[in-house]
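Q: I need the structure of the sequence given here:
(one chain, ligands or ions: 2)
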Amino acid sequence: MRNAALEHAALTLGTAGHIDHGKTALVRALTGVDTDRLPQEQARGMSIELGFAPLLLPGGRRVSVVDVPGHERFVRTMVAGATGIDFHLMVVAADDGVMPQTLEHAAVLAALGIEQGVVAITKCDRASPRRAAAQAAELLPGAEVVACSARTGEGVAAVAAALERVAERVTPRAEGRREGAAVLHVDRAFTIHGAGTVVTGTLWSGTLAAGDTLALLPAQRLVRVRSLQVHDQPAERAHAGQRVALNLAGIARRDVARGDALADPAAALTPTQVIDATLDLRGDLHGRRVMAHHGTRAVPARLAALGAGLWQVRLEAPLLAAAGDRLVMRSVAPPDTLGGGTVLDPRARRHGRRPDVLARLERLRRGEPEPSRAAPPAAAAAPGPATAAAPSAPALERGAIELAERLLAAGHEPLSRSQLGAAVGASARADPGGRRRPDQP
Ligand SMILES: Nc1nc2c(ncn2[C@@H]2O[C@H](COP(=O)(O)OP(=O)(O)OP(=O)(O)O)[C@@H](O)[C@H]2O)c(=O)[nH]1
Ligand SMILES: [Mg+2]
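A: Ligands and ions are numbered 1, 2, ... in the order given. You can find the predicted model right below:
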């Protein structure tokens, strides 16, 4: 790389905090960029969409900033922005203190596993920071608290210095995902006159280059990367953790939106509707209908408790999740963040609390590798002396084994006719009439 400032691993900083507490004003004081670009945002003096700006820290390190809206109606947008960040800038106004979306954004950060960050007590030209600082320190213990004013500029350099200290110690979330297949969750899609469809997002894993063919999900269409930018600069290649803009060929603007994902077709990322996860949630939520947020997407889901912090998330529309990804759960009404956790099995079957299924999830939670699933289940293999004594016993056909697996995995949950249908159909196809009972015609 040409510029020493770019030699550090790519890091993204996300703002957080209640409406009107001064997030956008502080980002402008730090970066010189007004992230409230939309006419409605300027007219209403309020952020609606995610805003982006590059931040050059005092020591020369460059990080990307995602500025989120604070309005309670836009928490979904906030989650979509926070999903790709490495550390946070929680903004609390000195004259208002900790407010509902301060708490909710803190809960979202916790659910996403974003522990490191800085608290800025803004508007110190208006009120003493003391009360707000004490409240914020209680909410986010461990974060450095810095008083400042975006209006007078006082303390802004101290905020930048505190951010730099965190940037030095934070582990980039993309670390360990650089070698993987490319995945990007789209946070904006728009048209640039003369260029066509452009999407932006934080590159979640792998690398991307002009000319690459990607699968657009959940539509499962192929698109081609015509050109790309990293941090607003044309680039040949983008790496995991960087903010990228992709000019896409083969797709109209109306056919791509925030919440879609672009993935290397080899990524094996497919739309999924049943997820097994380890979740840390407030209250008894078994059977509750919630909003499940993943990547830049949110869909309604029903929660089934499996015990010991293990949950099955049954989605009403697909998510594009992989094992190890973070999930955030919010209540549908009243809107509130209930907690979150990590995907263990992104393509689970509907099942209950069967001991063998739970043992497998516990293994996944401990990070142990999956035993090969190619081996037939014990029930179908009929092990024991009888097998040894009768090596000529006919093997069960594939359809019967599939059916047995489905019934075992279902536990106490009855399978629907359509769920059974495929396996029964496979069984019938595998055995075209050869083993009918003698009394059947
Ligand atoms: N006096 C004073 N006013 C400030 C300061 N920071 C922001 N403001 C004002 O507070 C209002 C809200 O600031 P924003 O930066 O838009 O707040 P925000 O947190 O981005 O708001 P949302 O994005 O809508 O959640 C604006 O009128 C700002 O000019 C400050 O340090 N001192
Ligand atoms: Mg704002």
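
Q: from here on, just use CA atoms for contacts and neighbour counts.
A: Noted.

Q: after the stretch of helix or strand residue 216 belongs to, next one along is what?
A: Taking DSSP states H and E as the criterion, residue 216 maps to strand 213-217. Using DSSP H and E, the helix or strand that directly follows strand 213-217 along the chain is strand 221-230.

Q: after that following strand, which helix or strand is next? Please name it.
A: Once the chain leaves strand 221-230, the next helix or strand it forms, by DSSP H and E, is strand 233-235.

Q: same question for that next one: list its buried residues.
A: For strand 233-235, burial by neighbour count (16 or more other C-alpha atoms under 10 Å) applies to residue 235.

Q: partner strands of it and their direction?
A: Within its sheet, strand 233-235 is paired with strand 221-230 (antiparallel), according to DSSP bridges.

Q: test my guess that residue 174 contacts residue 239.
A: No. Under the criterion of C-alpha atoms under 8 Å, residue 174 is not in contact with residue 239, lying 9.0 Å apart.

Q: now residue 129. Nearest residue, chain neighbours left out?
A: residue 94 (4.8 Å; C-alpha to C-alpha, 6 or more residues apart in numbering).

Q: now do the contacts for that neighbour.
A: Contact analysis of residue 94 by C-alpha atoms under 8 Å, 6 or more residues apart in numbering lists 121-124, 126-133.

Q: report the separation between it and ligand 2.
A: Per C-alpha to the ion, to the nearest Å, residue 94 is found 16 Å from ligand 2.

Q: swap in residue 261?
A: Distance from residue 261 to ligand 2, by C-alpha to the ion: 26 Å.

Q: ok, the residue nearest to that residue when sequence neighbours are not counted - contacts?
A: Distances taken as C-alpha to C-alpha, 6+ apart place residue 185 nearest to residue 261, at 4.4 Å, with adjacent residues excluded. The contact partners of residue 185, taken as C-alpha under 8 Å, 6+ apart, are 201-204, 258-262, 295-296.

Q: could you do residue 69 as well?
A: Applying C-alpha under 8 Å, 6+ apart, we find residue 69 in contact with 16, 19, 46-50, 75, 77-78.

Q: ok, now residue 117?
A: With C-alpha under 8 Å, 6+ apart, residue 117 has these contacts: 87-90, 143-144, 163, 166.

Q: tell me the SS of the residue in the stretch 151-300 of the chain that ligand 1 sits nearest to?
A: The stretch 151-300 of the chain approaches ligand 1 most closely through residue 151 (4.6 Å), counting by C-alpha to the nearest ligand atom. Three-state call for residue 151 (DSSP: H, G, I helix; E, B strand; the rest coil): coil.

Q: my read: it touches residue 123, true?
A: Yes. Between residue 151 and residue 123 there is a contact under C-alpha under 8 Å: 7.4 Å.

Q: these two: which has the busier surroundings?
A: Higher neighbour count among residue 151 and residue 123: residue 123, with 24 against 16, using other C-alpha atoms under 10 Å.

Q: what's that one sitting at in phi/psi?
A: For residue 123, the backbone dihedrals (degrees, to the nearest 10) come out as phi 60, psi 40.

Q: tell me the contacts of it?
A: 21-22, 93-95, 148-151.

Q: now rank these by neighbours and give me the top one.
A: residue 93 (29 neighbours).

Q: pLDDT on stretch 48-68, on average?
A: The pLDDT scores in stretch 48-68 average 93.

Q: need the residues of this protein near ligand 1, please.
A: Residues of the chain lying near ligand 1 by C-alpha under 6 Å from any ligand atom: 18-25, 45-47, 69-71, 122-123, 125-126, 149-151.

Q: how about the secondary structure of residue 341?
A: Going by three-state DSSP: residue 341 is strand.

Q: returning to that earlier point: let me have the contacts of residue 185 in TSV, extended by secondary structure.
A: Putting the contacts of residue 185 into TSV (three-state DSSP) gives the following:
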residue	secondary structure
201	strand
202	strand
203	strand
204	strand
258	strand
259	coil
260	strand
261	strand
262	strand
295	coil
296	coil
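
Q: for ChimeraX, what selects the buried ones among those?
A: Only the buried members of these enter the following ChimeraX selection, criterion being 16+ other C-alpha under 10 Å:
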select :201,202,203,204,258,259,260,261,262,295,296
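
Q: so where do the strands sit in the stretch 201-350 of the chain?
A: Here the stretch 201-350 of the chain has its strands, by DSSP state E, counting those that start in this stretch, at 207-209, 213-217, 221-230, 233-235, 237-239, 243-249, 261-263, 272-281, 289-294, 297-307, 310-319, 326-331, 336-345.

Q: mind listing residues that contact the fifth one?
A: Spelled out, that is strand 237-239. For strand 237-239, contacts defined as C-alpha under 8 Å, 6+ apart pick out 178, 203, 205-210, 228-230, 244.

Q: please redo it, this time with the cut-off set to 7 Å
A: 178, 203, 206-209, 230, 244 (C-alpha atoms under 7 Å, 6 or more residues apart in numbering).

Q: and what of the fourth one?
A: Here strand 233-235 makes contact (C-alpha under 7 Å, 6+ apart) with 228-229.

Q: quick one: mean pLDDT for it?
A: Per-region confidence: strand 233-235 scores 91 on mean pLDDT.

Q: isn't residue 201 right up against residue 187?
A: Yes. Using C-alpha atoms under 7 Å, residue 201 is in contact with residue 187, at 5.2 Å.

Q: and residue 343, how many neighbours does it have?
A: Neighbours of residue 343 under the rule other C-alpha under 10 Å: 25.

Q: contacts only, for the residue most central in space within the chain.
A: Nearest residue to the geometric centre of the chain (C-alpha atoms, centre = their mean): residue 295, 3.1 Å. Under the criterion of C-alpha under 7 Å, 6+ apart, the neighbours of residue 295 are 80, 83, 185.

Q: the same query, at a cut-off of 6 Å, please.
A: 83, 185 (C-alpha atoms under 6 Å, 6 or more residues apart in numbering).

Q: again with residue 128
A: Per C-alpha under 6 Å, 6+ apart, neighbours of residue 128: none.

Q: can you classify it as helix, strand or coil?
A: Three-state call for residue 128 (three-state DSSP): coil.

Q: on that earlier part again, tell me how far the residue of the stretch 151-300 of the chain closest to ligand 1 lies from ligand 2.
A: 15 Å.
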